[in-house]
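J.: I would like to see how this sequence folds:
(one chain, ligands or ions: 2)
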Amino acid sequence: MHDRQEYISQIVVTAEQMRDIEGRIFAAKMPVAALMEKVAGLIACRIQEIIPSHPVIKSRVGILVGPGHNGGDALVVARELHFRGYEVSIYSAFSKLKELTSQHLQYAQSLGIPCFQECTQLSDCDFFIDGLFGFGLERAIADPIASTINQINNWHKPIISIDLPSGLHTDTGEVLGTAIRATHTFCLGLWKLGFLQDQALEYIGKAELIDFDIPLADVQAVLGNTPQIKQITKATALSTLPLPRPSVTYKYKEGHLLLICGSRRYAGGAILTALGARASGVGMLSIAVPESLKQLLVSHLPEALIVGCPETETKAIAHLQLPEKTDLSSFSAIACGPGLTLDATSIVEQVINSDRSLVLDADGLNILAQLGTIPTLQKRQAATVLTPHTGEFQRLFPNIAEPKQDRVKAVRSAADQTGSVVLLKGARTAISNPEGLIWINPESTPALARGGSGDVLTGLLGGLLAQAATKQIAVEDIVATAAWWHSQAAILAAQERTELGVDAFTLTQYLMRVVSN
Ligand SMILES: NC(=O)C1=CN([C@@H]2O[C@H](COP(=O)(O)OP(=O)(O)OC[C@H]3O[C@@H](n4cnc5c(N)ncnc54)[C@H](O)[C@@H]3O)[C@@H](O)[C@H]2O)[C@H](O)CC1
Ligand SMILES: [K+]
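T.: Ligands and ions are numbered 1, 2, ... in the order given. A predicted model of the protein is given here:
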């Protein structure tokens with residue numbers, strides 16, 4: 001991929017940063033009107049490709065115009081589509097428009113494009129262009145615009161939003177009052193943070209970036225050399241994937257992972273975690289399970305060293321019983337949690353007190369929440385990675401307000417409190433390191449909303465972390481790679497088998513296909 005494209009595809013900005021970048025472009029004397037022409041010209045071309053107009057039966061398009069420059073963009077699009085043979089109608093209900101927007105409206109009307117103040121007069125349109133609000137939305141949308149939006153959503157026609165669906169908060173993706181439910185959204189210039197927040201996804205439809213040649217120097221001047229928020233791309237993920245091995249190596253040099261997982265109640269979780277670790281290519285895999293699961297694990301993973309541990313009355317791991325001459329420092333990394341139940345408390349304390357890189361997941365996190373010793377994670381001498389879903393996150397960090405409202409803010413705060421790398425699972429998984437650098441996984445599939453898929457991630461991540469231990473790769477980069485790899489495997493599996501065909505075992509079978517393609 002072209003360098004610019006790759007860089008741009010990683011960048012994520014807030015409304016404030018976008019305004020600053022835009023400010024620099026205008027300060028450098030790019031005329032505002034010229035930029036609007038350029039952007040809207042690109043949008044009009046894409047619309048023509050997506051919904052072409054027939055020369056005889058013209059496509060009827062309704063243009064929703066707001067008071068700011070988002071409305072200005074929409075009016076330029078209206079004019080261009082009019083010249084390209086569409087039957088255009090404008091909805092504009094604001095008495096006060098920004099100067100440039102107002103000029104475009106006057107010119108559009110002078111061309112004979114009809115303009116209405118009631119959306120009902122656009123009811124026979126085939127599709128809509130939403131230019132009500134862009135990143136300038138400041139407060140909740142009220143009537144009559146709110147009812148207009150609801151009415152248009154109810155018509156269930158295609159809606160193409162300019163910059164972002166009107167009504168969404170640019171940074172949090174929260175619905176302010178009400179919001180357009182777009183089928184397609186053209187994000188202008190740079191990806192806005194709201195696109196990567198779970199709560200926005202139902203409104204965005206298919207998202208596409210319109211690159212209008214923002215100078216990279218302006219982006220860097222505002223974001224600095226290390227942007228605070230980045231998207232994981234194929235290139236970034238593959239660059240950190242510790243696949244290439246030196247020609248001369250041996251198993252322990254390629255990482256030794258200790259998995260601690262499973263109980264009588266959750267035996268399958270241990271197998272899935274182990275299969276995730278197997279797919280990572282880790283040099284050596286040891287798996288600590290309750291003694292009664294030992295044979296089961298041996299039969300599924302003949303290559304692994306299975307460590308049977310003494311059991312509690314409930315058949316959970318009571319404490320670790322490693323082979324002679326082995327202690328926790330023998331491993332490159334530890335991944336602990338899937339299927340443990342809440343009875344394996346002492347083992348979680350033990351691994352936290354070790355000096356090894358550690359992934360805590362599932363019951364590992366629930367036990368940590370019960371112990372109430374989260375601040376002690378700060379004292380760990382090696383990296384800690386926490387991989388909660390929203391429920392586990394809330395149990396662990398009750399002091400962090402509603403992670404659903406701003407997942408990026410929530411995950412950053414959790415990483416800061418714990419000195420750990422935190423991966424908050426979701427449709428758009430967000431990862432933060434303790435310094436507040438964020439990675440977001442921009443592509444996934446609802447196929448992953450299925451029991452056991454998290455166990456697979458834990459194993460995969462543990463295996464990568466163990467391999468990275470000798471390879472000078474930042475922990476958050478490895479975590480980002482694991483998240484990307486895991487979701488790409490699910491996407492591939494869903495393409496071949498539908499979203500219903502991606503059970504966690506099948507998922508493990510697709511992991512290798514992602515990197516061998
Ligand atoms: N990114 C770029 O460099 C470019 C962006 N373009 C487009 O411009 C908009 C941003 O334009 P702006 O005028 O700043 O904001 P909006 O159009 O989103 O609207 C602001 C406008 O609306 C009023 N307002 C805000 N909230 C409400 C509300 N709840 N109810 C009523 N009115 C509200 C506010 O007072 C303002 O008057 C960007 O998204 C792009 O589409 C350029 O065209 C190209 C370059
Ligand atoms: K919009």
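J.: would you agree residue 422 falls within a strand?
T.: Yes. Assessed by DSSP: H, G, I helix; E, B strand; the rest coil, residue 422 belongs to a strand.
J.: state the pLDDT value of residue 442.
T.: Note for residue 442: predicted pLDDT of 96.
J.: can you classify it as helix, strand or coil?
T.: Classification of residue 442 into helix, strand or coil gives coil, according to three-state DSSP.
J.: residue 230 is in contact with that one, correct?
T.: No. Applying C-beta atoms under 8 Å, one finds residue 442 not in contact with residue 230, separated by 10.0 Å. Yep, even glycine has a C-beta here, placed from its N, CA and C like the rest.
J.: distance of residue 170 from ligand 2?
T.: Residue 170 is 10 Å from ligand 2, where distance means C-beta to the ion, to the nearest Å.
J.: pretty sure that residue contacts residue 196?
T.: No. At 11.5 Å, residue 170 and residue 196 do not qualify as touching, with contact defined as C-beta under 8 Å.
J.: need the overlap of contacts for those two.
T.: Here residue 170 and residue 196 have no joint contacts, going by C-beta atoms under 8 Å, 6 or more residues apart in numbering.
J.: pick out the residue nearest the middle of this protein.
T.: residue 428 (2.6 Å; C-alpha atoms, centre = their mean).
J.: please list all residues in contact with it.
T.: Residues counted as contacts of residue 428 (C-beta under 8 Å, 6+ apart) are 196, 197, 198, 201, 407, 440, 441, 442, 444.
J.: what parts of the stretch 101-250 of the chain come near ligand 1?
T.: By C-beta under 6 Å from any ligand atom, the residues of the stretch 101-250 of the chain that approach ligand 1 are 133, 134, 135, 136, 137, 138, 139, 141, 162, 163, 188, 189.
J.: confidence-wise, which of these comes last?
T.: Lowest pLDDT of those: residue 138, 91.
J.: what is the burial count for that residue?
T.: By other C-beta atoms under 10 Å, the residues close to residue 138 number 9.
J.: please identify which helix or strand holds it.
T.: Counting by DSSP states H and E, no helix or strand carries residue 138.
J.: residues from the protein in reach of ligand 2?
T.: Counting by C-beta under 5 Å from the ion, the residues of the chain lying close to ligand 2 are 70, 130, 161, 162, 166.
J.: pick the one among those residues closest to ligand 1.
T.: Ranked by distance to ligand 1 (C-beta to the nearest ligand atom), those are led by residue 70 at 3.2 Å.
J.: can you give me the end-to-end distance of stretch 386-404?
T.: Using C-alpha to C-alpha, to the nearest Å, one end of stretch 386-404 lies 18 Å from the other.
J.: contact partners of that stretch?
T.: By C-beta under 8 Å, 6+ apart, stretch 386-404 touches 198-199, 359-362, 365-366, 368-369, 374, 410-411, 413-414, 417-418, 420-426, 454, 457-458, 461.
J.: report the rounded mean pLDDT for it.
T.: Throughout stretch 386-404, pLDDT has a mean value of 91.
J.: show me the contacts for residue 379.
T.: Residue 379 makes contact with no residue under the criterion C-beta under 8 Å, 6+ apart.
J.: next up, phi/psi of it, please.
T.: Here is the backbone geometry of residue 379 (degrees, to the nearest 10): phi -90, psi -10.
J.: ok, now the one 5 residues further on?
T.: The phi and psi values for residue 384, taken as degrees, to the nearest 10, are phi -120, psi 140.
J.: so it bridges to which residues?
T.: Counting by DSSP bridges, residue 384 is bridged to residue 358.
J.: ok, it - how many residues close by?
T.: By the measure other C-beta under 10 Å, the count of residues near residue 384 is 22.
J.: now residue 189
T.: Residue 189: 22 surrounding residues under other C-beta under 10 Å.
J.: could I get the residues of the chain next to ligand 2 as a markdown table with secondary structure?
T.: Formatted as a markdown table, the residues of the chain next to ligand 2 follow (three-state DSSP):
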| residue | secondary structure |
| --- | --- |
| 70 | helix |
| 130 | strand |
| 161 | strand |
| 162 | strand |
| 166 | coil |
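J.: quickly note the distance from residue 205 to residue 233.
T.: Residue 205 sits 21 Å away from residue 233 when distances are taken as C-beta to C-beta, to the nearest Å.
J.: over to residue 155: give its phi and psi.
T.: Note on residue 155: backbone dihedrals following degrees, to the nearest 10 are phi -80, psi -20.
J.: from ligand 1, how far out is the most far-flung residue of the chain relative to its centre?
T.: No residue in the chain sits farther from the centre than residue 110, which is 44.9 Å out by C-alpha atoms, centre = their mean. In this view, residue 110 and ligand 1 are 21 Å apart by C-beta to the nearest ligand atom, to the nearest Å.
J.: with adjacent residues omitted, what lies nearest to the residue nearest to the centre of the chain?
T.: Residue nearest to residue 428 in three dimensions, not counting chain neighbours: residue 196, with 4.8 Å by C-beta to C-beta, 6 or more residues apart in numbering.
J.: and if you look at residue 155?
T.: Nearest to residue 155 is residue 123, by C-beta to C-beta, 6+ apart, at 6.8 Å.
J.: that neighbour: how many residues sit nearby?
T.: Counted with other C-beta under 10 Å, residues neighbouring residue 123 total 12.
J.: again with residue 25
T.: There are 17 residues near residue 25, going by other C-beta under 10 Å.
J.: again with residue 195
T.: A count of neighbours around residue 195, defined by other C-beta under 10 Å, yields 23.
J.: let me know the pLDDT of it.
T.: At residue 195, pLDDT is 97.
J.: which helix or strand contains residue 270?
T.: Per DSSP H and E, residue 270 falls inside helix 267-279.
J.: er, residue 208 actually
T.: Assigned by DSSP H and E, residue 208 belongs to strand 206-210.
J.: tell me which other helices or strands that strand touches.
T.: Judged by 3 or more C-beta pairs under 8 Å, 6 or more residues apart in numbering; DSSP states H and E, the packing partners of strand 206-210 are helix 32-50, strand 184-188.
J.: what mean pLDDT does it have?
T.: Mean pLDDT, computed over strand 206-210, is 97.
J.: how about the helices in the stretch 101-250 of the chain?
T.: For the stretch 101-250 of the chain, applying DSSP state H, counting those that start in this stretch gives helices covering 145-154, 201-204, 216-223, 234-240.
J.: report the distance from the third one to the chain centre.
T.: Here helix 216-223 shows a centroid-to-chain-centroid distance of 23 Å under the convention C-alpha atoms, centre = their mean, to the nearest Å.
J.: show residues contacting it.
T.: Against helix 216-223 from outside (C-beta under 8 Å, 6+ apart): 4, 7, 11, 13, 17, 20, 21, 24, 25, 28, 190.
J.: and if you look at the first one?
T.: Around helix 145-154, the neighbours that count as contacts under C-beta under 8 Å, 6+ apart are 62, 64, 91, 93, 119-120, 122, 128, 132, 141, 159, 166-167, 177-181.
J.: show me the shaky parts of the stretch 401-517 of the chain.
T.: Across the stretch 401-517 of the chain, nothing is flagged by pLDDT under 70.
J.: typed the wrong thing, it's the stretch 101-250 of the chain
T.: The stretch 101-250 of the chain contains residues with pLDDT under 70 at 242-243.
J.: could you pick out the residues of this protein near ligand 1 for me?
T.: Counting by C-beta under 6 Å from any ligand atom, the chain comes close to ligand 1 at 18, 22, 35-36, 39, 66-73, 98, 133-139, 141, 162-163, 188-189.
J.: out of the residues you listed, which end up buried?
T.: 18, 22, 35-36, 39, 66-73, 98, 133-137, 141, 162-163, 188-189 (16 or more other C-beta atoms under 10 Å).
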